[in-house]
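> model this:
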Amino acid sequence: MPLVSAIVVTYGVKDYWRNCLDALMRQTFNAIEVILVDNSLNSKISPVIKSQYPHVVYHYGPKNLFYAEGLNKGISLSSGEFLLCMNDDVVLAPDFVGRSIKGFNSEAHVGMVSGKILRQGGNIIDSSGLFLSIFRSASERGYNRVDKGQFNKQDNIFGVSGALAFYRRSALDEIAINGEYFDPRFRMFYEDLDLAWRLQRKGWRGVYLPGALAYHTRGASARNKKGLNKRFARMYLSDELYWDLVKNRYLTIAKNETFAGFLLHFPFTLIYDLFAWAVILFTRPAIFSKLPLLLKLLISTLRHRKEFKERRN
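Here you go, the predicted structure:
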């Protein structure tokens with residue numbers, strides 16, 4: 001039985017991390033090591049882990065690693081053949097891991113597996129697979145739609161939602177840059193699409209398994225209470241996190257898009273950008289001051305792209 005490393009990144013909000021760990025302990029698939037990366041900057045979690053979850057590998061540091069770098073840290077502490085990267089506001093059905101692992105066994109080049117992720121406490125779909133839209137943005141299939149069985153068929157997908165992302169370690173090893181899997185400059189948002197795009201370019205596939213169920217409280221870690229499970233939850237982000245959402249889309253495109261793909265999708269991305277920046281102008285004008293920083297980051301991203309191309313060859 002292969003070992004699965006479940007890596008949970010927490011900000012210590014409410015009791016989400018407890019529910020997440022408890023669900024991992026109830027899995028019918030029992031070859032699981034659990035790693036908790038604590039970004040809360042509050043040591044109150046540590047004694048609880050030691051007394052109630054002694055089997056959990058616990059990392060607590062002096063700074064907030066955010067999600068991308070937090071996952072990198074968790075992966076560095078792990079030893080599993082498969083890596084389950086999770087938000088702490090996700091609760092797995094008891095057979096989630098057991099069902100999902102079969103997706104990797106279906107074909108040697110399956111590097112990503114997604115189950116059906118529903119909103120906590122209801123039948124609203126949170127994600128049934130991650131896709132790259134014509135606007136070159138991240139698109140969660142079925143997002144915010146009532147689950148009527150319309151996604152009850154196993155299917156190929158572009159990638160997996162960052163809230164609950166299952167990877168084959170050997171696939172991630174092929175796309176790592178300087179020992180890092182997720183780009184730490186992203187902090188959070190679009191780290192999942194960037195990784196999926198890189199894996200696709202290396203020939204790794206994604207598979208969706210509708211029988212593997214999980215439940216997600218969207219926005220619990222990054223948004224205020226008013227933004228929980230809301231369709232336009234980005235409007236409830238702080239300016240700092242909204243900036244991450246904006247810049248990371250551009251970094252993802254610069255890092256992965258081909259020249260032909262850029263020309264083909266330019267009309268759609270132009271429409272998207274005009275609308276997006278109009279919204280920013282009227283709701284968050286301070287973000288315009290960060291445009292020089294975006295230019296510097298794009299230059300750095302092109303350097304990353306060159307490193308990745310050299311690694312492919």
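
> Mind checking what secondary structure Gly122 has?
The three-state assignment at Gly122 reads coil, by DSSP: H, G, I helix; E, B strand; the rest coil.

> State the number of residues packed around it.
12 (other C-beta atoms under 10 Å). Where you see a C-beta, it was placed from the backbone N, CA and C, and this is true even at glycine.

> got a pLDDT number for it?
Listed pLDDT for Gly122 reads 77.

> Tell me the spacing between it and Ala212.
Gly122 sits 18 Å away from Ala212, going by C-beta to C-beta, to the nearest Å.

> Equivalent analysis for Phe96, please.
Distance from Phe96 to Ala212, by C-beta to C-beta: 5 Å.

> what residues are shared contacts of the two?
Gly115 (C-beta atoms under 8 Å, 6 or more residues apart in numbering).

> And the helices in this protein?
16-25, 45-52, 66-76, 96-105, 169-175, 191-201, 239-256, 259-283, 291-312 (DSSP state H).

> Would you mind pulling up the elements that the longest one packs against?
Translated: helix 259-283. Identification of packing neighbours for helix 259-283 by 3 or more C-beta pairs under 8 Å, 6 or more residues apart in numbering; DSSP states H and E yields helix 239-256.

> Would you mind putting the CA coordinates of the helix it packs on into CSV?
What follows is helix 239-256, C-alpha atoms only, in CSV (Å, rounded to 0.1, in the frame of the first residue of the first chain):
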residue,chain,number,x,y,z
ASP,A,239,-6.2,44.8,-0.7
GLU,A,240,-3.0,42.8,-0.1
LEU,A,241,-4.6,39.5,-1.0
TYR,A,242,-6.5,41.0,-3.9
TRP,A,243,-3.2,42.1,-5.3
ASP,A,244,-1.9,38.5,-5.1
LEU,A,245,-5.0,37.4,-7.0
VAL,A,246,-4.3,40.0,-9.8
LYS,A,247,-0.6,39.6,-10.1
ASN,A,248,-0.6,35.8,-10.0
ARG,A,249,-2.7,35.5,-13.1
TYR,A,250,-0.2,37.5,-15.1
LEU,A,251,2.7,35.5,-13.6
THR,A,252,1.0,32.3,-14.5
ILE,A,253,0.4,33.4,-18.1
ALA,A,254,4.0,34.7,-18.5
LYS,A,255,5.4,31.5,-17.0
ASN,A,256,3.4,29.0,-19.1
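
> Could you tell me which residues within it count as buried?
Neighbour-count burial for helix 239-256 flags 241-256 (criterion: 16 or more other C-beta atoms under 10 Å).

> tell me which residues of stretch 8-24 are tucked away?
So, applying 16+ other C-beta under 10 Å, buried residues of stretch 8-24: 8-12, 16-17, 19-21, 23-24.

> my bad, should have said stretch 127-140
127-132, 135-140.

> okay, those in TSV with pLDDT and distance to Ile299 next?
Formatted as TSV, the buried residues of stretch 127-140 follow (pLDDT from 0 to 100; distance: C-beta to C-beta, whole Å):
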residue	pLDDT	distance to Ile299
Ser127	97	32
Ser128	97	36
Gly129	97	33
Leu130	98	27
Phe131	98	28
Leu132	97	23
Phe135	97	23
Arg136	96	19
Ser137	96	22
Ala138	96	23
Ser139	96	28
Glu140	96	30
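
> re earlier: among the buried residues of stretch 8-24, which one sits closest to Arg198?
Nearest to Arg198 out of the buried residues of stretch 8-24 is Val9 (C-beta to C-beta; 20.1 Å).

> residues contacting that closest one?
Here Val9 is in contact with 37, 39, 65, 67, 70-71, 74, 85-88 (C-beta under 8 Å, 6+ apart).
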